[in-house]
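Chemist: Sequence unavailable; structure follows:
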């Protein structure tokens, strides 16, 4: 075995070990997105339209027990469009939320409320219903909804290191046969 091949093998091995030691947080995909389609069924905004989405940090999502995410702890995005009015995670008039809560990996609650000086609205989810209220409407709009979860798979560093090791090994073998 030549000195150059031995050196390449040692460097590759040390890169592999370093990537394995640092890949603990890369095991889950991040972020995890949730899309919500909302259909008003009763109340003042029947016939309107609503939809939304939010995303959370997949590395913080254990899917065990009760987990709550907000702007400071894992809620990455929060965007809703209700009857032409847009609400997002950075809306200046927000006084409560947004936050989302999961129980054993199932979405069980989220809340969002704006101040009276801003576009006055509140929306919330209970385990069986999503509802929203625009101040001045005269009541709560109840809805039916569907939630779709989608994840974007991100390759972890250890997988990339193993792939790189394989490429280096193939290059070393090809070089050996060439000479």
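Modeler: That came in fine, so what should we check first? Here the structure is a predicted model, which is why all the values come from computation and not from measurement.

Chemist: tally of neighbours for residue 52?
Modeler: For residue 52, the tally of surrounding residues (other C-beta atoms under 10 Å) stands at 24. Heads up, the C-betas are built off the backbone N, CA and C, glycines and all.

Chemist: Please look at it and residue 36 and confirm they touch.
Modeler: Yes - with contact defined as C-beta atoms under 8 Å, residue 52 counts as touching residue 36 (4.8 Å).

Chemist: shared neighbours of those two, anything?
Modeler: Counting by C-beta atoms under 8 Å, 6 or more residues apart in numbering, the shared contacts of residue 52 and residue 36 are residue 80.

Chemist: need the contact list for residue 89.
Modeler: So residue 89 contacts 54, 71, 75, 77, 78, 79, 98 (C-beta under 8 Å, 6+ apart).

Chemist: What distance do you get for it to residue 68?
Modeler: 15 Å (C-beta to C-beta, to the nearest Å).

Chemist: for this protein, which spans come out with low pLDDT?
Modeler: Scanning the chain for pLDDT under 70 picks out 1-29, 91-96, 115-121, 123-130, 135-136, 152-161, 163, 170, 177, 179.

Chemist: Mind jotting down where the helices sit in it?
Modeler: Applying DSSP state H to the chain gives helices spanning 3-22, 157-178.

Chemist: quick one, domains of this structure?
Modeler: Under the assignment automatic domain parsing, the domains of the chain span 1-27+156-179, 28-155.

Chemist: where do the strands sit along this structure?
Modeler: Using DSSP state E, the strands assigned to the chain run over residues 32-42, 50-56, 66-70, 75-82, 85-88, 94-103, 106-114, 121-126, 129-134, 141-151.

Chemist: So for stretch 35-50, what gets flagged as buried?
Modeler: Buried residues in stretch 35-50, counted by 16 or more other C-beta atoms under 10 Å: 36, 38, 40, 43, 45, 48, 50.

Chemist: Just the residues contacting it, thanks.
Modeler: Outside stretch 35-50, the residues that touch it by C-beta under 8 Å, 6+ apart are 51-53, 80-83, 130-132, 134, 137-148, 150.

Chemist: Start and end of it, how far apart?
Modeler: 11 Å (C-alpha to C-alpha, to the nearest Å).

Chemist: ok, now stretch 53-66?
Modeler: By C-alpha to C-alpha, the extent of stretch 53-66 from end to end equals 20 Å.

Chemist: was I right about residue 109 contacting residue 98?
Modeler: No - with contact defined as C-beta under 8 Å, residue 109 does not reach residue 98; the gap is 11.1 Å.
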